[in-house]
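J.: curious how this folds, go ahead:
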Amino acid sequence: MESKQINVNKTLNEPPNENLESIMKKYFIPPQTVNYMKWGQSFMIILLFGLMLVGILFAYIYANFTDFQTRISVISNAYIFGKDPELEFRRYMKNTQGQLISTVMNDIQTSSTNLETVNARLDSTASRLSNKVQTEVPEKYAETNSLGISIQKNISQLRDTISKLAGSFVLGNYIKDGAINTVK
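T.: Okay, here's the model as predicted:
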C-alpha cells in the first residue's frame, strides 16, 4: 500500500484558492443533495406553515369545542381534546333527538294552524254560499213562478183570441148564410 504524505507546513502556508462554495460542497454538503439545496428552504417553510395552520385549527376547535361538538369528525376524535368520545356521542344523540322532536312539534303546530286557517276559510265560504242560496233561490223561484204565470196568462190570452176568431168565423158564416138565404 502506498501512503500519501501531505506536507503540513506547505498546506498551512499556502494561500487558500478555494472559495466558500467549493469548501461547502467539499466538506459539508453531500453531492447528492446539491441539486435539491434550493428546494430545502421552501419545503421547510411550507412544512412550518402547514404545522402552524394545523396548530391554529386545533387551538380554535379546542377553545370552541362546544360549537364543534355536533360534528361527527370532532366527536370521534374527542380524545384529542381531552373529552370522552362515547360520552360526547351520547350527548350529541340526546341533543339531536331533542332538536328533531322540537322540529316535529313545530311542524305539527304549524300544520294545526294551517288547518284552522283552512277550516275558517271553508266556514266563511260555506256561509257565503248559504247566504247566496237563501237570497238567490227565492228570487229565482219568484222569477220562475212569475214566468210560469206569464206563460199561463199568454196561453189564456191566446185561447181567448182563438175563441174570438172562431166566434167571428162562425158569425161570419151565419151572416153569409143568412145573406145568401135572404137573397135567394
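J.: show me the shaky parts of this structure.
T.: 1-6, 8-17, 25-40, 65-66, 68-70, 178-184 (pLDDT under 70).
J.: one more time with 80, if that's ok
T.: Along the chain, segments meeting pLDDT under 80 span 1-42, 61-82, 137-148, 174, 176-184.
J.: can you give me the helices for it?
T.: 8-13, 20-23, 37-63, 65-68, 72-76, 85-183 (DSSP state H).
J.: could I get those helices as JSON lines with mean neighbour count?
T.: Just so you know, the C-beta spots here come from the backbone N, C-alpha and C atoms, and that holds for glycine as well. Listed next are these as JSON lines, based on neighbours: other C-beta atoms under 10 Å:
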{"stretch": "helix 8-13", "mean neighbour count": "8"}
{"stretch": "helix 20-23", "mean neighbour count": "10"}
{"stretch": "helix 37-63", "mean neighbour count": "11"}
{"stretch": "helix 65-68", "mean neighbour count": "12"}
{"stretch": "helix 72-76", "mean neighbour count": "13"}
{"stretch": "helix 85-183", "mean neighbour count": "10"}
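J.: next one: the residue nearest the centre of the chain from Ile101, what distance?
T.: With distances taken as C-alpha atoms, centre = their mean, Asp107 lies nearest the centre of the chain, 15.3 Å away. Distance of Asp107 to Ile101, computed by C-beta to C-beta, to the nearest Å: 11 Å.
J.: same check on Gln157?
T.: In terms of C-beta to C-beta, Gln157 sits 81 Å off from Ile101.
J.: Lys153 now?
T.: 76 Å.
J.: what does Tyr141 give?
T.: For Tyr141 relative to Ile101 (C-beta to C-beta), the value is 58 Å.
J.: can you check Thr113 too?
T.: From Thr113 to Ile101 the distance is 19 Å (C-beta to C-beta).
J.: ok, Asp177 next?
T.: With C-beta to C-beta as the criterion, Asp177 and Ile101 are 109 Å apart.
J.: try Pro138
T.: 56 Å.
J.: same check on Asn131?
T.: 45 Å.
J.: quick one, what contacts the residue nearest to the centre of the chain?
T.: Going by C-beta atoms under 8 Å, 6 or more residues apart in numbering, Asp107 touches no other residue.
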